[in-house]
Structure formats: structure tokens, C-alpha cells
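S.K.: Please work out how this folds:
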Amino acid sequence: MHSYVTGATIKRLREAKTLTQAELAEQIDVSSKTVSKWETGKGFPDISLLQPLSSALGVSIMELMSGAAVANGNRCANMLRSKIYVCPVCGNIMHTMGEAVVSCCGISLSALEAEDADVNHFPKIQPVEDEHFISIDHPMTKTHYISFIAYVSPDRLQMIKLYPEGEAQCRIRLAKHGYLYMYCNHHGLMRYKLSSSNLAGKDKRPTMPLPAWPPK
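M.R.: Below is the predicted model of the structure:
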């Protein structure tokens, strides 16, 4: 794994708790020499020691591994604060409702940063009975495709997985507030803010011409 507990983090947290290496070692049942090796980068704590080590240092395992203090600013569990992660190796999609340490296939992942949907990823929304039909005029080849469409509102997240050589479309029941997210495997995460106008199918696609595909 590309991200693990560092000696500098252990030393900083230990000193913040005003513990000596020997006092920390005694609390987690290791020798002071072992703690010294960790702090000088000559070894790493075994994964079985992460829980007692984090408890002794007064932090969460996530804080211990990331080296940063994490404050819970998500007490109301608003889904609009959701974070989405995509593994570049296997394509696995992960969702959290706040800060987290996320890894897959041995890689430490960062949360995706969404951009406003551009002309090549602009969703068309049409009311259908009590749902909405969402479609995107986008290539769906084996090498370039939309991987998923997700609807996020304050109280829910709905995600529809799409596949290469399929259609970039789905049906979701949308509310007046929230966002649509579309993930393109070439261009990343796109975001589209919902309103009464676009839910009624009145929002117009940008008039910028689409570039030729595939590019020459």
C-alpha cells in the first residue's frame, strides 16, 4: 500500500501526548527500541498494532494513517457532502459520507473532484411517469465510456452502473434539489446541478459544437 503510518507522525503524536518512547511502548506492549525504529523510519508497526497505537496516541486509525487531524464536520450526515472514489486499476467505485482513508488494489485513493458538466458530458433529462429518463450523448466504446450516473440529494444517493458498448442512459426518480454526477473514464467526474427547469426537460444543451470523435 502506498500510504501507511510514518515515523514522523508517530513521533509528533507521541510528543503531543507528552509520552516518552518507553511510556508509549509500555502501553502497546512493545519495546522502546521498537518505537525508536518506527520513528526513525527503520521499521513499521504491524497492522495488528494500529488500533492500540492509535488509542494510546489519542487519535483514530484514519488520522494515524493519514497524518492529519480529522474533525467531524458531517454531524447531520448530509449526503451532499458525499465523496466518491474510483480505483484506476479495477474500476471499483467507493462512496463515503465524509473524510476517509480509502485504498484499493494496493493504491491509496483520493476523492474525485467534480467539474461542471461540459458539452461532451451534458445530461438530457426527460420526465417519464414518476421518474426521469437521463441520457448523455457520449461514446460508449471499450476504451472511452461513462462508468456511472449518480444522483445525490441531501438525504440519498442513487448510483446506476453503466458499461462499455451499452447506452449512456438510465431512469432515476429525481427531486428538486441535488446534483447529477457522471463519471467518464477519460475526463473524470462531472457535476450537473438540478433545478425545476431542467427537471421539466427545459434545460438546453450548450451550443458549442462537439469535437470530431475519434480525434484525428
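
S.K.: Do I have it right that residue 96 meets residue 112?
M.R.: No: under the criterion of CB atoms under 8 Å, residue 96 makes no contact with residue 112, lying 11.5 Å away. Every C-beta, even on glycine, is put in place using the N, C-alpha and C of the backbone.

S.K.: okay, and the common contacts of these two?
M.R.: 83, 85 (CB atoms under 8 Å, 6 or more residues apart in numbering).

S.K.: Determine the longest helix present in the protein.
M.R.: In the chain, with assignment by DSSP state H, the single longest helix is helix 7-16.

S.K.: name the helices or strands packed onto that helix?
M.R.: helix 32-39, helix 50-57, helix 61-66 (3 or more CB pairs under 8 Å, 6 or more residues apart in numbering; DSSP states H and E).

S.K.: If I take the second one and helix 32-39, what angle do their directions form?
M.R.: By that I understand helix 50-57. 100 degrees (axes from the mean of the first three to the mean of the last three CA atoms, to 10 degrees).

S.K.: Give me the mean pLDDT for helix 50-57.
M.R.: For helix 50-57, mean pLDDT rounds to 91.

S.K.: Could you do stretch 28-38 as well?
M.R.: Mean predicted lDDT for stretch 28-38 stands at 90.

S.K.: now for the lowest-mean-pLDDT helix or strand in the chain, which elements pack on it?
M.R.: When each helix and strand of the chain is scored by mean pLDDT, DSSP states H and E, helix 196-199 comes last, with a mean of 71. Contacts defined by 3+ CB pairs under 8 Å, 6+ apart place helix 196-199 against strand 123-128.

S.K.: C-alpha coordinates for the strand it packs on, CSV please?
M.R.: The C-alpha coordinates for strand 123-128 follow below in CSV (Å, rounded to 0.1, in the frame of the first residue of the first chain):
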residue,chain,number,x,y,z
PRO,A,123,-27.2,15.2,-19.4
LYS,A,124,-30.6,15.4,-21.1
ILE,A,125,-33.4,14.9,-18.6
GLN,A,126,-36.9,14.0,-19.6
PRO,A,127,-39.8,13.3,-17.2
VAL,A,128,-41.2,9.8,-17.6
